[in-house]
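Asker: I'll drop the sequence and a predicted model, then ask my questions.
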Amino acid sequence: MQLDLESLSEATSGAIGSLVSTTVLYPLDTCKTKYQAEVQASHQRKYRRISDVLWEAISKRQVLSLYQGLGTKNVQSFVSSFIYFYGYSYFKRLYLEKSGNKNIGTAANLIAATMSGVCTILITQPLDTASSRMQTSEFGKSKGLWQTLSEGTWSDAFDGLAISILLTTNPSIQYTAFDQLKHRLLKGKMSKKTDAKSSPESLSAFSAFMLGAVSKCAATCLTYPAIRCKVTIQAADSYDNKSTEAEKKAQRTISGALYTIWKREGLLGFFNGLQAQILKTVLSSALLLMVKEKITKSTWILMLIIGRYFSTANPPKLKES
């Protein structure tokens, strides 16, 4: 079986980039998630601004609790990014091979990205749910991964699955926009490449950072109401102590979460925390894509070495006459 070296290279560099960005920005992610999870009228909110979460951690001497759930989030980020980027690269290459086109169009790019996103969500949803519950737990009282998942039924681990699948449009929009912008920037360089085995062209760190920021900002603004709804669903048990058990159960459905936000915060509640989401996701995505672009050639060389190793370890057998 021939290894798909380009897809493996894309997946490895993307997973490493995700791991770096998740670790660096995790305290900001925790503050953002706790802020989004609180669904209350403005005068009843515990956190008026995202900075209030940080000051609470400092005042309680629980600054390190801003990292609660980091291990689970890192595993989820690494695995999901690897699966996503491998599938994304694989589906794009498959389309180009079957269609005979040299470049992939916007519509086909969106389909490839969406298919990759759905595959990723189905595998990593329990980890995403667990990390959200850990982040929204009280500072210093977060439980481990197994304890968090074992508190409810197996189906509870997939809370928010439907809306997570809907949110595959977010990375689909993001990476499609990024790829189209990247292709335009590198069009001149790519036209000069004749060696099929040469390493892929990559953007400069600054260009990758800026394109990543722009593409993620657009995707986040378009899908934010669904993002807020997802956090509300996943954090219904671990955060909202003012609701009854029946209300919490209802809040763990899409319709229940939408109704809760509408009832307590009104129409603008669906965009409450948008600035914090943009700040975190734009920085995270830009950092991820910057790291990914800078290590693409290194991972490509590593994949070539692995490919040569397997080809020499399993030489083709001659047919007997």
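Answerer: Thanks, I have it.

Asker: what is the burial count for the residue nearest to residue 80 when sequence neighbours are not counted?
Answerer: Leaving aside its sequence neighbours, residue 80 sits nearest to residue 124 (Cβ to Cβ, 6 or more residues apart in numbering; 4.4 Å). The C-beta positions use only the backbone N, C-alpha and C, and glycine is treated the same way. With neighbours defined by other Cβ atoms under 10 Å, the count for residue 124 comes to 21.

Asker: ditto for the one 5 residues further on
Answerer: Residue 129 has 26 neighbours, counted by other Cβ under 10 Å.

Asker: now do the helix or strand encompassing it, average pLDDT.
Answerer: Per DSSP states H and E, residue 129 falls inside helix 106-136. Averaged over helix 106-136, pLDDT sits at 85.

Asker: show me the helices in the stretch 101-250 of the chain, by range?
Answerer: Assigned by DSSP state H, counting those that start in this stretch, the stretch 101-250 of the chain shows helices spanning 106-136, 145-150, 161-166, 169-191, 205-234, 245-251.

Asker: between those helices, which one is closest to residue 295.
Answerer: helix 205-234 (10.9 Å; Cβ to Cβ).

Asker: any idea how far the closest one is from the chain center?
Answerer: The chain centroid and the centroid of helix 205-234 are separated by 9 Å under Cα atoms, centre = their mean, to the nearest Å.

Asker: who wins for proximity to residue 30 among the helices of the stretch 101-250 of the chain?
Answerer: Shortest distance between residue 30 and the helices of the stretch 101-250 of the chain, using Cβ to Cβ, is found for helix 106-136: 4.8 Å.

Asker: show me what the closest one is packed against.
Answerer: Identification of packing neighbours for helix 106-136 by 3 or more Cβ pairs under 8 Å, 6 or more residues apart in numbering; DSSP states H and E yields helix 26-37, helix 70-99, helix 145-150, helix 161-166, helix 169-191, helix 205-234.

Asker: tell me which residues in the fifth one are buried?
Answerer: Which is helix 169-191. Under the neighbour-count criterion of 16 or more other Cβ atoms under 10 Å, helix 169-191 has 169-182, 186 buried.

Asker: residues making contact with that helix?
Answerer: Residues from elsewhere that reach helix 169-191 (Cβ atoms under 8 Å, 6 or more residues apart in numbering): 84, 88, 103-104, 106, 109-110, 113-114, 117, 201, 203, 207, 211-212, 214-216, 218-220, 222-223, 227, 285, 289.

Asker: if we use 6 Å, what do you get?
Answerer: For helix 169-191, contacts defined as Cβ atoms under 6 Å, 6 or more residues apart in numbering pick out 109-110, 113-114, 117, 201, 211, 215-216, 219, 223.

Asker: now it - C-alpha only, PDB.
Answerer: These are the backbone C-alpha positions of helix 169-191, laid out as PDB (Å, rounded to 0.1, in the frame of the first residue of the first chain):
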ATOM      1  CA  THR A 169     -19.000  25.000   8.500                       C
ATOM      2  CA  ASN A 170     -16.700  27.100  10.600                       C
ATOM      3  CA  PRO A 171     -13.400  25.400   9.700                       C
ATOM      4  CA  SER A 172     -14.800  24.700   6.300                       C
ATOM      5  CA  ILE A 173     -15.200  28.500   5.700                       C
ATOM      6  CA  GLN A 174     -11.900  29.200   7.400                       C
ATOM      7  CA  TYR A 175      -9.600  26.800   5.600                       C
ATOM      8  CA  THR A 176     -11.400  27.300   2.200                       C
ATOM      9  CA  ALA A 177     -10.800  31.100   2.600                       C
ATOM     10  CA  PHE A 178      -7.200  30.500   3.700                       C
ATOM     11  CA  ASP A 179      -6.400  28.100   0.900                       C
ATOM     12  CA  GLN A 180      -7.900  30.300  -1.800                       C
ATOM     13  CA  LEU A 181      -6.000  33.400  -0.500                       C
ATOM     14  CA  LYS A 182      -2.800  31.300  -0.100                       C
ATOM     15  CA  HIS A 183      -3.200  30.000  -3.600                       C
ATOM     16  CA  ARG A 184      -3.400  33.500  -5.000                       C
ATOM     17  CA  LEU A 185      -0.300  34.600  -3.100                       C
ATOM     18  CA  LEU A 186       1.800  31.500  -4.200                       C
ATOM     19  CA  LYS A 187       0.400  31.300  -7.700                       C
ATOM     20  CA  GLY A 188       3.600  32.600  -9.200                       C
ATOM     21  CA  LYS A 189       5.800  30.200  -7.300                       C
ATOM     22  CA  MET A 190       3.600  27.200  -7.900                       C
ATOM     23  CA  SER A 191       3.600  27.700 -11.600                       C
END
